[in-house]
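>>> missing the sequence, but the structure's below:
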């Protein structure tokens, strides 16, 4: 469902780019992308989210050429992808409940759906009693769970998580990984980038290893090898 | 459509109240800007009122010979009153002129004695003419001087003081025009400067939310859905500032009206405020909405690229 066709990205200012990357990701896959800092993991995700255009090559999402989508309708495409970030990126002046509700409001869902779905999602990510808290009143693990709730609330086809456990302690890391696994088992494709060997090894799923902008390894049941 | 409008509005209101400190700073700056605009409106009202009262004092006098018959003078008067450029004509008879002269020189025994020595009234009757506009005097003087317009008038007219006053009137006409132009230029400069400051403040407030905007975009919010609440918050700030300005103006003009009305030639600022309240309200609230709304629109636009 996601296909990178010989994608190359060069930055003039020396930011790590991509070189001739070709990847194909099937529906319902759980893919870990690993590699050193600067190997091009984040750039790869930016290409997928159409945050940046490749220098050459194409990115396809199902039949859609991602970089041919005009700017003003890009938000329709982005609603198909749920994003989770290392630094959570919740909206600071909205409560946990409102952060999740915002994604639904933005997608044009009705008030009834929002009133019904948001409490359900809050329960699913296990922060049901803290819906009225603002992000700064929540711990890192709690914020990340809100962020995951926000990412899945519109039932996207893919969850993309960029270093989702990078700022978390081992206990929270384990819980976040369990939630992501659960989401994957429910039928959503999950793509994560990570530095965490424990996370990758515990998963036993497909691992793509990147080095200096290239794909170094692609194992169906991989380990974290660098 | 209605749902998203309602959501944008309530999100804007919530954002405004939750970012209380930033909103407060923005409202403060916008209030200062709107106060400058309001002050300039009041100043221009004072200016045009003063100019009008100066213009009102300008007139020309037509002096008649002492032998002129009152009926002839009155026919000149009625002929003048038919002219569209003439606002008013006041007749002063020779007896009235003498009485006024005596009153004016009541302390000057020498002059009064000289007048008594003369035995007869040396002063002729006169007509004081007021034009609708200072620039019209030349035309009126031409009209009087031309004998064919009022038959027999030239024989009874001794002199028209327009020619003595001409340079003064010319200068005054010019000064009025220049003052109005200069006043307008100053209004414009001040308004532009304060608008830029208010603009920068709103943009600064939104600059602090640029990460938030980036997140909203990634969550899949449309541009309108991101921009809307910021514009709503900007407009709320603008309206609030306008209302604060209007409230501040009431005691300020009341105090000023009480103390400087005589100095301004009887022009009372507070009665201007009450009689022109609708105009002030529309201008200030309108500027507030435009200022807050456009500044927010421009600022968010910057952070929506990609």
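Now that the structure is in, tell me what you want to look at. Computed from a predicted model, the values in this text were never measured in an experiment.
>>> mind listing the helices for chain B?
Listed in chain order, the helices of chain B (DSSP state H) span B:2-18, B:20-57, B:70-81, B:94-104, B:109-118, B:137-145, B:153-156, B:162-207, B:210-218, B:223-260, B:269-275, B:277-302.
>>> by mean pLDDT, show me the worst of the ones you listed.
When the helices of chain B are ranked by mean pLDDT, helix B:153-156 comes last with a mean of 72.
>>> and residue B:218, how close does it get to residue A:45?
Counting by C-beta to C-beta, to the nearest Å, the separation of residue B:218 from residue A:45 is 11 Å. To be clear about C-beta, it is placed using only N, CA and C from the backbone, and glycine gets the same treatment.
>>> should've said residue B:37
Taking C-beta to C-beta, one finds residue B:37 at 49 Å from residue A:45.
>>> about what we covered before: please enumerate the shared neighbours of residue B:218 and residue A:45.
By C-beta atoms under 8 Å, 6 or more residues apart in numbering or on different chains, residue B:218 and residue A:45 have no common neighbours.
>>> which ones are touching the residue positioned nearest the centre of chain A?
Taking C-alpha atoms, centre = their mean, the centroid of chain A lies closest to residue A:160, which sits 1.7 Å from it. Residues in contact with residue A:160 (C-beta under 8 Å, 6+ apart) are A:45, A:48-49, A:81-84, A:191-192.
>>> closest to chain B out of the residues you listed?
Nearest to chain B out of the contacts of residue A:160 is residue A:83 (C-beta to the nearest C-beta; 5.1 Å).
>>> would you confirm that the closest one contacts residue B:218?
Yes. Residue A:83 is within contact range of residue B:218, at 5.1 Å (criterion: C-beta atoms under 8 Å).
>>> what residues are shared contacts of those two?
In contact with both residue A:83 and residue B:218: residue A:49, using C-beta under 8 Å, 6+ apart.
>>> what residues does chain A put near chain B?
A:49, A:51, A:71-72, A:74-76, A:78-79, A:83, A:89-93, A:102-103, A:105-108, A:110-111, A:150, A:154 (C-beta under 8 Å from any C-beta of the partner chain).
>>> which of those residues fall in strands?
residue A:83 (DSSP state E).
>>> so among the residues of chain A next to chain B, which ones count as buried?
By neighbour count, with 16 or more other C-beta atoms under 10 Å in any protein chain shown, those hold A:49, A:51, A:74-75, A:78-79, A:83, A:89-93, A:102-103, A:105-107, A:150, A:154 as buried.
>>> list, one by one, the residues from chain B near chain A.
Selection of chain B residues close to chain A by C-beta under 8 Å from any C-beta yields B:3-4, B:7, B:11, B:14-15, B:18-19, B:211-212, B:214-223, B:225, B:306.
>>> let's go with 7 Å and repeat that
B:4, B:7, B:15, B:18-19, B:212, B:215, B:218-223, B:225, B:306 (C-beta under 7 Å from any C-beta of the partner chain).
>>> for these, which single residue is the most surrounded?
Counting neighbours by other C-beta atoms under 10 Å in any protein chain shown, residue B:219 leads the residues of chain B next to chain A with 29 neighbours.
>>> so that one sits against residue A:103, correct?
Yes. Residue B:219 is within contact range of residue A:103, at 4.8 Å (criterion: C-beta atoms under 7 Å).
>>> shared neighbours, those two?
Both residue B:219 and residue A:103 are contacted by residue A:150, under the criterion C-beta atoms under 7 Å, 6 or more residues apart in numbering or on different chains.
>>> in chain A, where is pLDDT below threshold?
The model of chain A has pLDDT under 70 over residues A:226.
>>> what about the longest helix in it?
helix A:170-185.
>>> so which elements touch that helix?
helix A:140-152, strand A:189-194, helix A:197-203 (3 or more C-beta pairs under 7 Å, 6 or more residues apart in numbering or on different chains; DSSP states H and E).
>>> spatially nearest residue to the residue sitting nearest the centre point of chain B (excluding sequence neighbours)?
Centroid-nearest residue in chain B: residue B:45, 3.0 Å away (criterion: C-alpha atoms, centre = their mean). Nearest residue to residue B:45, sequence neighbours excluded (C-beta to C-beta, 6 or more residues apart in numbering or on different chains): residue B:272, at 5.6 Å.
>>> cool, and residue B:112?
Residue B:112 sits nearest to residue B:105 (C-beta to C-beta, 6+ apart), 5.9 Å away.
>>> so the one you found versus chain A, what's the distance?
Distance of residue B:105 to chain A, computed by C-beta to the nearest C-beta, to the nearest Å: 81 Å.
>>> now residue A:17. Nearest residue, chain neighbours left out?
residue A:9 (4.2 Å).
>>> next, count neighbours for that neighbour.
22.
>>> also the one 3 residues further on?
When neighbours are defined as other C-beta under 10 Å, residue A:12 has 6 of them.
>>> mind listing what it touches?
Here residue A:12 is in contact with no residue (C-beta under 7 Å, 6+ apart).
>>> quick one: it and residue A:55, what's the gap?
10 Å.
>>> could you do residue B:18 as well?
Going from residue B:18 to residue A:55 by C-beta to C-beta gives 42 Å.
>>> please apply the same query to residue B:5.
With C-beta to C-beta as the criterion, residue B:5 and residue A:55 are 41 Å apart.
>>> quick one: buried residues of stretch B:74-82?
B:76-77, B:79-80.
>>> for stretch A:152-167, same thing?
A:152-154, A:156-167.
>>> now, which of these sits nearest chain B?
residue A:154 (7.3 Å).
>>> how about the closest one, what does it touch?
Counted by C-beta under 7 Å, 6+ apart, residue A:154 has contacts A:79, A:103-104, A:107.
>>> quickly check those for the two that are furthest apart.
Maximum pairwise distance among these (C-beta to C-beta): 10.2 Å, between A:79 and A:104.
>>> from residue B:34, how far out is whatever residue of the stretch 51-200 of chain B ends up closest to chain A?
Per C-beta to the nearest C-beta, residue B:200 is where the stretch 51-200 of chain B lies closest to chain A, at 21.9 Å. Residue B:200 sits 16 Å away from residue B:34, going by C-beta to C-beta.
>>> the more surrounded of these two?
The neighbour comparison of residue B:200 against residue B:34 (other C-beta under 10 Å) goes to residue B:34, with 27 against 14.
>>> from chain B, how far out is residue A:44?
16 Å.
>>> and for that residue, the neighbour number?
Around residue A:44 there are 27 residues (other C-beta under 10 Å).
>>> with residue B:282 instead?
11.
>>> just say helix, strand or coil for residue A:37.
Secondary structure state of residue A:37, per DSSP: H, G, I helix; E, B strand; the rest coil, is coil.
>>> excluding chain neighbours, what is closest to it?
residue A:195 (7.8 Å).
>>> do the same with residue B:220
residue A:79 is the one closest to residue B:220 (C-beta to C-beta, 6+ apart), at 3.6 Å.
>>> mind listing what the one you found touches?
A:107, A:154, A:156, B:220.
>>> quick one: the residue located most distally from the centre of chain A and residue A:118, what's the gap?
Farthest-out residue of chain A from its mean C-alpha position, per C-alpha atoms, centre = their mean: residue A:112, at 27.3 Å. Separation of residue A:112 from residue A:118 (C-beta to C-beta) stands at 11 Å.
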